[in-house]
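Engineer: what would the 3D arrangement of this be:
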Amino acid sequence: MPNSRIEKLKGTFVALITPMDSAGNILFEALPDLLDFHRRNGVVGAVSGGTNSEATSLSVAERKRLLEATLAQSAGLHIMAGTGATSVTDALDLTRHAADCGAVAALVVPPFFVKTPYVEGLYRYFMALLDGADIPLLLYHIPAFTAVPIPDELIDRLLGHPNLVGMKNSTGDVEHTVGWLEKYPQLALYSGSDLIHEHVYPKGAHGCISGLANAFPELIAAVWTGYTEDSSLAKMREAQQRVLQMAEIVRKYPFVANNKSILAHRGFPRFFVRPSLVDLTAGQEETMVGELKAIGLL
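Structural biologist: Below you'll find the model as predicted:
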């Protein structure tokens with residue numbers, strides 16, 4: 001059974017975007033409406049400072065201020081903090097800050113500049129955070145972005161630390177994710193791929209941390225609701241098919257910016273991304289929105 005410190009954190013978490021203007025300034029004033037949008041659409045929590053937050057494009061000071069502002073507006077949502085960094089000192093600083101601010105957990109990628117690190121080096125990095133901050137910590141496995149996987153050997157060595165409570169697996173690999181669920185039942189596992197929720201929820205996943213929930217939280221949340229409320233799992237499968245329809249369209253367009261473009265058609269101001277990400281062109285947005293309207297989503 002997963003650590004009791006995270007047992008209550010089940011369901012759909014949004015990997016929250018960072019609202020920015022065209023100059024890349026963070027629009028902190030947009031956070032209340034964004035968080036309320038997710039709260040009203042079935043999301044139980046949010047991650048501040050994760051992949052979809054453009055954390056690697058933010059300074060440490062910006063990441064701290066963003067977390068503080070998100071927590072101040074959370075009003076019943078559980079807020080996790082993405083605290084991974086290439087520098088262990090930055091990661092420790094961010095993780096301690098998350099603990100001090102009252103985040104419910106820290107979601108931590110491995111350091112991602114050295115592409116073939118020794119397991120010993122990764123072990124020392126994570127142990128520095130586990131020992132250095134009293135906050136539930138989740139390992140974040142997203143090798144498509146970091147090019148640094150979290151190997152079982154590392155998990156085996158970290159297992160048993162009281163602050164290690166779970167993992168996020170964003171590979172989209174059902175076999176690998178289910179393998180972790182079976183091998184590490186004492187850790188809460190969150191699905192990081194919106195394409196596979198229906199396959200991993202019945203195997204014991206704790207929920208999901210979803211990027212596409214930024215644009216369509218009600219669709220992503222419906223998969224979890226279908227799983228928990230319909231023992232036949234028919235509602236879960238139906239909801240998952242709707243997610244797949246949406247994802248097939250949205251994932252064709254620039255990452256993060258696709259979510260921000262959709263939000264502009266759901267009543268929010270126009271948000272932009274920082275380099276090296278790029279905003280959708282007017283033509284791309286027109287096509288994407290047209291495709292989503294054609295299936296009744298906008």
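
Engineer: scan the protein for its longest helix.
Structural biologist: Among the elements of type helix in the chain, defined by DSSP state H, the one spanning the most residues is helix 234-250.

Engineer: pull out the buried positions in it.
Structural biologist: Within helix 234-250, the residues scored as buried using 16 or more other Cβ atoms under 10 Å are K235, M236, A239, Q240, R242, V243, Q245, M246, A247, I249, V250. For glycine as for every other residue, the C-beta is placed from the backbone atoms N, C-alpha and C.

Engineer: quick check: of those, which lies closest to H206?
Structural biologist: The shortest approach to H206 among the buried residues of helix 234-250 belongs to M236, at 15.3 Å (Cβ to Cβ).

Engineer: return the list of helices and strands in contact with the helix or strand where L189 lies.
Structural biologist: Element membership for L189 (DSSP states H and E) is strand 188-191. The elements that strand 188-191 packs onto, with contact taken as 3 or more Cβ pairs under 8 Å, 6 or more residues apart in numbering; DSSP states H and E, are strand 164-169, helix 174-183, helix 197-200, strand 207-210.

Engineer: show me what the last one is in contact with.
Structural biologist: By Cβ atoms under 8 Å, 6 or more residues apart in numbering, the list of residues contacting strand 207-210 from outside reads 9-15, 44, 47, 50, 80, 107, 168, 190-192, 194, 197, 201, 220, 223-224.

Engineer: just those residues: which are in strands?
Structural biologist: Counting by DSSP state E, the contacts of strand 207-210 place G11, T12, F13, V14, A15, V47, M80, L107, K168, Y190, S191 in strands.

Engineer: what is the rounded mean pLDDT of stretch 197-217?
Structural biologist: For stretch 197-217, mean pLDDT is 98.

Engineer: next, the buried residues of that stretch.
Structural biologist: Across stretch 197-217, burial judged by 16+ other Cβ under 10 Å covers 197-201, 205-217.

Engineer: what about the protein, any weak spots by pLDDT?
Structural biologist: Low-confidence segments of the chain, defined by pLDDT under 70, are absent; every residue clears the threshold.

Engineer: circling back to that earlier point, buried set for the strand holding L189?
Structural biologist: Going by 16+ other Cβ under 10 Å, strand 188-191 has these buried residues: A188, L189, Y190, S191.

Engineer: of those residues, closest to S57?
Structural biologist: Nearest to S57 among the buried residues of strand 188-191: Y190, at 23.2 Å, using Cβ to Cβ.

Engineer: OK, contacts around that closest one?
Structural biologist: F13, L138, G166, M167, K168, N169, A205, H206, G207, C208, I209.

Engineer: look up which residues are beta-bridged to the first one.
Structural biologist: So that's F13. F13 forms beta bridges with G45, I209, as assigned by DSSP bridges.

Engineer: what's the answer for the fourth one, then?
Structural biologist: According to DSSP bridges, the residues that bridge with M167 are L139, L189.
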